[in-house]
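Engineer: this is a predicted model, with the sequence first.
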Amino acid sequence: MSAAKTPDSAAPQAGLGRTTARAPSAPESGRGGKEAPAWRRKHLLGIEELSAEEIIHVLDTASGFAEVSTRSIKKVPALRGKVVANLFIEDSTRTRTSFSLAAQRLSADVLDFYSAGSSLSKGESVRDTARNIEAMGVDIIVLRHSAAGAAHYLSRCVNTSIINAGDGQHEHPTQALLDTYTIRETKGRVEGLRVAIVGDIGHSRVARSNIWCLQKLGAEVTVVGPATLVPKGLERMGARISHNFDDVIPEMDVINMLRVQSERISSRVFPSLHEYTWLFGMTPERLERAKPDVLILHPGPINRGIELAAEVADGPRSSILRQVANGLAVRMAVLFLVNQAASVSA
Ligand code: CP
């Protein structure tokens, strides 16, 4: 995988990814005519609307940016003069810091907005907050919000590019992209792999975005969880459904363990956390029955000892911190691509 060659390079070079998709900076096709850019979206609102080619283009662009983090000077000038605002109206550790660092590595100015201490507490709407931030000359707003559809809504209220950093129980597109990137990096492919997404499926935007993303790239996805945490109709997304984790473990190439989202669970959906762990927790004993090269993922934050035993989280099959490291390259790619598309459409 190739990448930008010098600290002054603005972006990964075209045509160096794992597919024939060309970076949007590629001026012309080899056949002499103009080739349509592989990415033309000013916003990243979800995975559902993306094509397989667009997903692969993001992953290939991220592969190029991954090299930047290995340099002594971890910066490229791709977004010099641009302003990225992180508008996080719901708590985050990984996504906010990752977007913030990704924007800084692209040489953007970064505005980290915290809802605590802001005029949201005085009744200002998110729309008005975003429009005021836009009036200060912000180019990209990265939005996390507890309401499904918030990013789509905001994209209709402002001219700025919007990146969805998680909207309620709907989508978390960059998490799915970094999960898929990690799978491809480790396994060398996504097509044909069997991937289990395990746990609190109903409350999980990560599950939804991963199901779209992995299936578009040809993986076979099985969602696993108690019937009370797997929404009815989910099979319409194309995923297989199982309520028996022990049955599916031996078949899987990748097992993505989800957090039990206690803050979103309003009624009693399983008898006790102990019982949940007994039936759906990834323990060392269960790992013994998985394929020897199974890849264990978790989007974080982890409830250690509930959905994932500490020995597994910190063990050799776990790629959890690799996911976090890859998230930086993926978010650099997304910021770069939406900014480039916005510049072309302006
Ligand atoms: N995975 C994830 O979205 O983590 P944060 O909530 O910490 O951003």
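Structural biologist: Cool, the structure landed. Since this is a predicted model, take the numbers as computed values, not measurements. Residues are numbered from 1 along each chain as shown.
Engineer: where does pLDDT dip in the stretch 1-150 of the chain?
Structural biologist: 1-34 (pLDDT under 70).
Engineer: packing partners for the longest helix seen in the chain?
Structural biologist: Criterion DSSP state H: the longest helix present in the chain is helix 320-345. Counting contacts by 3 or more C-beta pairs under 8 Å, 6 or more residues apart in numbering; DSSP states H and E, helix 320-345 packs against helix 52-66, helix 94-105, strand 140-145, strand 161-167, helix 173-187, strand 295-297. Any C-beta I mention is one placed from the backbone N, CA and C, and that applies to glycine too.
Engineer: need the contact partners of the fourth one.
Structural biologist: Under the criterion C-beta atoms under 8 Å, 6 or more residues apart in numbering, residues 42-46, 86, 88, 90, 92, 95-96, 99, 139-152, 154-155, 171-175, 205, 334-335, 338-339, 341-342 lie in contact with strand 161-167.
Engineer: neighbours of A227, how many?
Structural biologist: Neighbour count of A227, defined by other C-beta atoms under 10 Å: 11.
Engineer: that one touches I241, doesn't it?
Structural biologist: No - using C-beta atoms under 8 Å, A227 makes no contact with I241, being 9.1 Å away.
Engineer: tell me the residues of the stretch 151-300 of the chain that contact the ligand?
Structural biologist: G166, H172, Q175, P299, G300 (C-beta under 6 Å from any ligand atom).
Engineer: so the last one sits in a strand?
Structural biologist: By that I understand G300. No - per DSSP: H, G, I helix; E, B strand; the rest coil, G300 lies outside any strand segment and is coil.
Engineer: ok, now which ones touch it?
Structural biologist: T93, R94, R259, I320, Q323, V324.
Engineer: can you pull out the strands in the chain?
Structural biologist: Taking DSSP state E to define them, one finds strands in the chain at 83-88, 109-114, 140-145, 161-167, 194-198, 220-224, 240-242, 254-257, 295-297.
Engineer: tabulate those strands (a markdown table), appending mean neighbour count.
Structural biologist: Converted to a markdown table, those look like this (neighbours: other C-beta atoms under 10 Å):
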| stretch | mean neighbour count |
| --- | --- |
| strand 83-88 | 24 |
| strand 109-114 | 16 |
| strand 140-145 | 26 |
| strand 161-167 | 26 |
| strand 194-198 | 24 |
| strand 220-224 | 23 |
| strand 240-242 | 15 |
| strand 254-257 | 28 |
| strand 295-297 | 23 |
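Engineer: turn these into a markdown table, including distance to S69.
Structural biologist: Formatted as a markdown table, the strands of the chain follow (distance: least, C-beta to C-beta, whole Å):
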| stretch | distance to S69 |
| --- | --- |
| strand 83-88 | 18 |
| strand 109-114 | 17 |
| strand 140-145 | 19 |
| strand 161-167 | 20 |
| strand 194-198 | 26 |
| strand 220-224 | 29 |
| strand 240-242 | 36 |
| strand 254-257 | 23 |
| strand 295-297 | 20 |
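Engineer: low pLDDT regions in the stretch 151-300 of the chain?
Structural biologist: 263-267.
Engineer: which single residue of it ends up nearest the ligand?
Structural biologist: Nearest residue of the stretch 151-300 of the chain to the ligand: P299, at 3.8 Å (C-beta to the nearest ligand atom).
Engineer: got the contact list for the nearest residue to that residue once chain neighbours are set aside?
Structural biologist: Counting by C-beta to C-beta, 6 or more residues apart in numbering, P299 lies nearest to V206, which is 4.8 Å off, once chain neighbours are set aside. Going by C-beta under 8 Å, 6+ apart, V206 touches H172, Q175, A176, D179, N256, L258, P299.
Engineer: PyMOL command to pick out the buried ones of these?
Structural biologist: Of the contacts of V206, the buried ones can be selected in PyMOL as follows, counting by 16 or more other C-beta atoms under 10 Å:
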select buried, resi 172+175+176+179+256+258+299
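Engineer: just the closest of the contacts of V206 to V76, please.
Structural biologist: Checking the contacts of V206 against V76 with C-beta to C-beta, the nearest one is Q175 at 23.6 Å.
Engineer: tell me the contacts of the closest one?
Structural biologist: Taking C-beta under 8 Å, 6+ apart, we find Q175 in contact with T95, G166, R205, V206, S209, N210, P299, G327.
Engineer: using CSV, lay out those residues together with distance to K187.
Structural biologist: Shown next, in CSV, are the contacts of Q175 (distance: C-beta to C-beta, whole Å):
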residue, distance to K187
T95, 24
G166, 26
R205, 24
V206, 19
S209, 19
N210, 15
P299, 18
G327, 18
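Engineer: among those residues, which one lies nearest to G123?
Structural biologist: For the contacts of Q175, the nearest to G123 is G166 (23.7 Å; C-beta to C-beta).
Engineer: please verify my assumption that K216 contacts E54.
Structural biologist: No - in this structure, K216 is not within contact of E54 by C-beta under 8 Å, at 9.1 Å.
Engineer: just give the nearest non-adjacent residue to A165, would you?
Structural biologist: Per C-beta to C-beta, 6+ apart, closest to A165 is R144, 4.1 Å.
Engineer: OK, contacts around the one you found?
Structural biologist: Shown in contact with R144 (C-beta under 8 Å, 6+ apart): L87, F88, I89, E90, S92, T95, R96, A165, G166, D167.
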